[in-house]
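Asker: missing the sequence, but the structure's below:
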């Protein structure tokens, strides 16, 4: 009996709920209308074709203050017409590019002034010098420089002037003598930052005239190279590839021979020579060397 009573009670509750819901009458909005003028669209905002009244409660639109004639919103809306760019695409720099990061330029809308489009300014990917080392020839020598991005070569101030050049070059006043020289690259216009690159003017080389072998020693003779030279460096080894080679430095540009002792008997030695000059690079003393001479050989007794 208890189970039967529970089933009857549940069924009664369901029926009462159903009938009570069926008698609920949905209340209609009592409109409170607010007059709105028509307005033109802009780059980003839609416009409205006619004046209208809008209910501040349900936001329905009407043609009259008595809410007798309603409007569909889509019938009144004039779509926004989008941004308008100048024909020549005037632009502004939003962020300059560097050696590490891309930059960005923006194209403003002529109607509202906001940035309508953007484009990437590619970062610098390569700085190329026509040479990093040249032999002294009593004349001024300086490398030409080309700078590249992923889109191609950049124009320099020297080539295109103030408005279109993207970098300018500052070379040393003179780069004739043997030494280490610095060229400064200053970026401009779409690019920012500075970078320096170095190049060497190296001394002229010399060559070995004669090697005189004796017991466990040999004497190396060479041509004097006195112009822009402080001395010589001899390299010798029992290997044609100069593995485990030893160096002998000869100070004095007017010297033309050197006796090398402590060698192995019955061994063939490979010998070459180069010149050097000591110079200052900033506050640091460095040695700049010529190219090595061709190799000479001698068999020690």
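Answerer: Yep, that arrived. Since we're looking at a predicted model, the values are computed, not measured.

Asker: Residue 47 contacts residue 37, correct?
Answerer: No: if you go by CB atoms under 8 Å, residue 47 and residue 37 don't touch, sitting 10.8 Å apart. No exception for glycine: its C-beta is placed from N, CA and C like everyone else's.

Asker: Between the two, which has more neighbouring residues?
Answerer: Legend: neighbour count by other CB atoms under 10 Å for residue 47 and residue 37, higher for residue 47 (15 against 8).

Asker: Chain neighbours aside, what residue packs nearest to that one?
Answerer: Nearest residue to residue 47, sequence neighbours excluded (CB to CB, 6 or more residues apart in numbering): residue 41, at 3.4 Å.

Asker: neighbours of the one you found, just the number please.
Answerer: Residues near residue 41, counting by other CB under 10 Å, number 15.

Asker: With the one 4 residues further on instead?
Answerer: Residues within reach of residue 45, counting by other CB under 10 Å, total 12.

Asker: so what's it closest to, chain neighbours aside?
Answerer: Here the residue nearest residue 45, using CB to CB, 6+ apart, is residue 80, at 5.6 Å.

Asker: quick one: that neighbour and residue 109 touch, right?
Answerer: No: because the distance of 11.6 Å does not satisfy CB under 8 Å, residue 80 is recorded as not touching residue 109.

Asker: so the residue nearest to residue 45 is in which element?
Answerer: Applying DSSP states H and E as the criterion places residue 80 outside every helix and strand.

Asker: pLDDT score for it?
Answerer: We have a pLDDT of 89 for residue 80.

Asker: Quick check: the gap between it and residue 47.
Answerer: Look at residue 80 and residue 47: by CB to CB, to the nearest Å, they are 8 Å apart.

Asker: Give me the common contacts of the two.
Answerer: Common contact partners of residue 80 and residue 47 (CB atoms under 8 Å, 6 or more residues apart in numbering): residue 41.

Asker: which stretches of the stretch 101-250 of the chain form strands?
Answerer: Ranges of strands within the stretch 101-250 of the chain are 103-108, 115-121, 124-129, 133-135, 145-149, 152-153, 167-170, 179-187, 194-202, 208-214, 217-222, 231-237, 246-251, based on DSSP state E, counting those that start in this stretch.

Asker: pLDDT weak spots in the chain?
Answerer: Counting by pLDDT under 70, the ranges of the chain that qualify are 1-27, 87-89.

Asker: Can you work out which other helices and strands pack against the lengthiest strand in the chain?
Answerer: Longest among the strand segments of the chain by residue count, using DSSP state E, is strand 268-281. For strand 268-281, the packing partners by 3 or more CB pairs under 8 Å, 6 or more residues apart in numbering; DSSP states H and E come out as strand 179-187, strand 208-214, strand 217-222, strand 231-237, strand 284-289, strand 296-299.

Asker: Residue 152: which of those strands is closest?
Answerer: Proximity to residue 152 (CB to CB) singles out strand 179-187 among these, at 16.3 Å.

Asker: who does the closest one pair up with?
Answerer: strand 167-170 (antiparallel), strand 194-202 (antiparallel) (DSSP bridges).

Asker: Please enumerate residues in contact with the shortest one?
Answerer: What that stands for is strand 167-170. For strand 167-170, the external contacting residues (CB under 8 Å, 6+ apart) are 145, 147, 154, 156-158, 183-188, 191.

Asker: When you filter those down to buried only, what's left?
Answerer: Among the contacts of strand 167-170, those classed as buried by 16 or more other CB atoms under 10 Å are 145, 147, 154, 156, 157, 183, 185, 187, 188, 191.

Asker: how close does the fifth one get to residue 86?
Answerer: For residue 157, the distance to residue 86 equals 27 Å [CB to CB].
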